[in-house]
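Chemist: Build me a model from this:
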Amino acid sequence: MNKNVQFTENIAERLRKLSKFSMDKNLRPQLENIIKKFGGKLEQYDNFAGLYILDNDNFIISLDKFTSPLRDNFYITKALGDYLLFGNGDKKQYGSFRVDDTNYLSNLFAYSFLTPKDEFLKKSKEFKNSTLLLAAYFQIPTDFIEKRQEYLKIISKKHKLIYKKEKIR
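Modeler: Numbers count the residues shown, from 1 in each chain. Below is the predicted model:
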């Protein structure tokens, strides 16, 4: 699995650099542009959020109409990861909320693309690990920021639980 993790992180960060992705701009139009370059399009469906692979050159990323734009940024990138990592031209679909081995790598792709390790560590230090400031900067929800902090061992689950209890008081 470690080889797959490194491969996934590298693919995501390379795509980010090649696409000249910028946090200084709204993410949605940039993500839509990348998707179009790969032959895909975004649509909304009432009963499915995820990726439909139609054939080698065409796919649809479906968004749930009840999620926020910040969550959409993550789910769009996760579905793009599904397409790039697991799409082989066969008709299939990957739901956003599935639980299997591919889900971990797709999530990792989204994190590596949207919050690349070096930039995330730099901004975490600059923002003193504030999940709100990091979420605003990276344009994804605070709970995803916390998961990235845990993955990069910036905070532990134990620290997170103590922090939340202190916030409530």
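
Chemist: how about low-confidence regions in the chain?
Modeler: Within the chain, the stretches with pLDDT under 70 are 1, 157-169.

Chemist: Which stretches in it count as strands?
Modeler: 40-45, 50-55, 58-64, 92-95 (DSSP state E).

Chemist: quick one, which of these is packed in tightest?
Modeler: Neighbour counts averaged per stretch over these are highest for strand 58-64, at a mean of 20; criterion: mean count of other CB atoms under 10 Å. In short, each C-beta sits where N, CA and C put it, glycine included.

Chemist: ok, now which ones touch the residue nearest the centre of the chain?
Modeler: With distances taken as CA atoms, centre = their mean, the residue of the chain nearest its centroid is residue 110 (2.6 Å). The contact partners of residue 110, taken as CB atoms under 8 Å, 6 or more residues apart in numbering, are 12, 74, 75, 77, 78, 80, 81.

Chemist: Check whether the second one really touches residue 139, as I assumed.
Modeler: No - checked against CB atoms under 8 Å, the pair residue 74 and residue 139 is beyond contact range at 9.1 Å.

Chemist: Looking at these two, which is more packed in?
Modeler: residue 74 (25 against 18; other CB atoms under 10 Å).

Chemist: residues touching the more buried one, list them.
Modeler: 110, 114, 140, 141, 144.

Chemist: Can you check those and name whichever has the most neighbours?
Modeler: Result: residue 140 is most packed of the contacts of residue 74 (other CB under 10 Å), 27 neighbours.

Chemist: Quick check: phi and psi on that one?
Modeler: phi -140, psi 160 (degrees, to the nearest 10).

Chemist: beta partners of the residue nearest to residue 62 when sequence neighbours are not counted?
Modeler: Nearest non-adjacent residue to residue 62, counting by CB to CB, 6 or more residues apart in numbering: residue 45, 4.6 Å away. For residue 45, the beta-bridge partners under DSSP bridges are residue 64.

Chemist: got the contact list for residue 45?
Modeler: Each residue near residue 45 by CB under 8 Å, 6+ apart is listed here: 62, 63, 64.

Chemist: how near is residue 154 to residue 96?
Modeler: 25 Å (CB to CB, to the nearest Å).

Chemist: higher neighbour count, those two?
Modeler: Using other CB under 10 Å as the criterion, residue 154 and residue 96 rank with residue 96 on top: 23 against 17.

Chemist: so who does that one touch?
Modeler: The neighbourhood of residue 96, defined by CB under 8 Å, 6+ apart, consists of 49, 50, 64, 75, 78, 79.

Chemist: And for residue 134?
Modeler: 120, 123, 124, 127, 142, 145.

Chemist: how does the chain divide into domains?
Modeler: Under the assignment automatic domain parsing, the domains of the chain span 1-114, 116-169.
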